[in-house]
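Undergrad: Here's my sequence, what's the structure:
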Amino acid sequence: PQFRDRADVPGDDGFPKKVLAALEAACKELGYSLRQTLEMLSSADKYSKEVLALVMRKTGCDDENKIRAALDPQHGPFLERVRKLVEEAEREQSEEERRRQDKIRSMRLCPMGY
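TA: This next block holds a predicted model:
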């Protein structure tokens, strides 16, 4: 569905959730990693210009203030969710590295002493 500017857009049924979905899609479409998304959300501006422009295109709303008004109340929970995803990915990477190192140690030294 396409959304056009209306005075009541931020409170429109489901509009903030649709804007948040557009934000997630924009980050993915622009190739942002979870870490890059976290860095963007943690910055003073909260959202990069390129991401906001794509969110505006995806929602059909050309008023940046309305987009920000829909996103800002969701910023904290979204930032926390991305932070948890980054932590989980890093934990999985650490566990994978530990398993790899354990496997290498179990192979013992080669005849050359390595």
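
Undergrad: So for the chain, the centremost residue is which one?
TA: The residue lying closest to the centre of the chain (C-alpha atoms, centre = their mean) is Thr37, at 4.1 Å.

Undergrad: which element is that one on?
TA: According to DSSP states H and E, Thr37 maps onto helix 34-42.

Undergrad: Same question for that helix: list its buried residues.
TA: Of the residues in helix 34-42, Leu34, Thr37, Leu38, Met40, Leu41 count as buried by neighbour count, 16 or more other C-beta atoms under 10 Å. Yep, even glycine has a C-beta here, placed from its N, CA and C like the rest.

Undergrad: Over to stretch 61-74?
TA: Going by neighbour count (16+ other C-beta under 10 Å), the buried part of stretch 61-74 is Cys61, Lys66, Ile67, Arg68, Ala69, Ala70, Leu71.

Undergrad: packing partners for the lowest-mean-pLDDT helix or strand in the chain?
TA: Ranked by mean pLDDT, DSSP states H and E, the weakest helix or strand in the chain is helix 64-106, scoring a mean of 85. Counting contacts by 3 or more C-beta pairs under 8 Å, 6 or more residues apart in numbering; DSSP states H and E, helix 64-106 is packed against helix 15-29, helix 34-42, helix 49-59.

Undergrad: ok, now with 6 Å
TA: helix 15-29, helix 34-42 (3 or more C-beta pairs under 6 Å, 6 or more residues apart in numbering; DSSP states H and E).

Undergrad: Looking at these, which is nearest to Leu54?
TA: Smallest distance to Leu54 across the helices and strands packed on helix 64-106 (C-beta to C-beta): 3.9 Å, for helix 15-29.

Undergrad: okay, that closest one in PDB with CA atoms only?
TA: In PDB, the C-alpha atoms belonging to helix 15-29 read as follows (Å, rounded to 0.1, in the frame of the first residue of the first chain):
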ATOM      1  CA  PHE A  15       1.700   3.900  10.000                       C
ATOM      2  CA  PRO A  16       4.500   3.900  12.600                       C
ATOM      3  CA  LYS A  17       4.900   0.100  12.200                       C
ATOM      4  CA  LYS A  18       4.900   0.400   8.400                       C
ATOM      5  CA  VAL A  19       7.600   3.100   8.700                       C
ATOM      6  CA  LEU A  20       9.700   0.900  11.000                       C
ATOM      7  CA  ALA A  21       9.300  -1.900   8.500                       C
ATOM      8  CA  ALA A  22      10.400   0.400   5.700                       C
ATOM      9  CA  LEU A  23      13.400   1.400   7.900                       C
ATOM     10  CA  GLU A  24      14.400  -2.200   8.300                       C
ATOM     11  CA  ALA A  25      14.000  -2.900   4.600                       C
ATOM     12  CA  ALA A  26      16.000   0.300   3.700                       C
ATOM     13  CA  CYS A  27      18.900  -0.800   5.800                       C
ATOM     14  CA  LYS A  28      18.900  -4.200   4.300                       C
ATOM     15  CA  GLU A  29      18.500  -2.800   0.700                       C
END
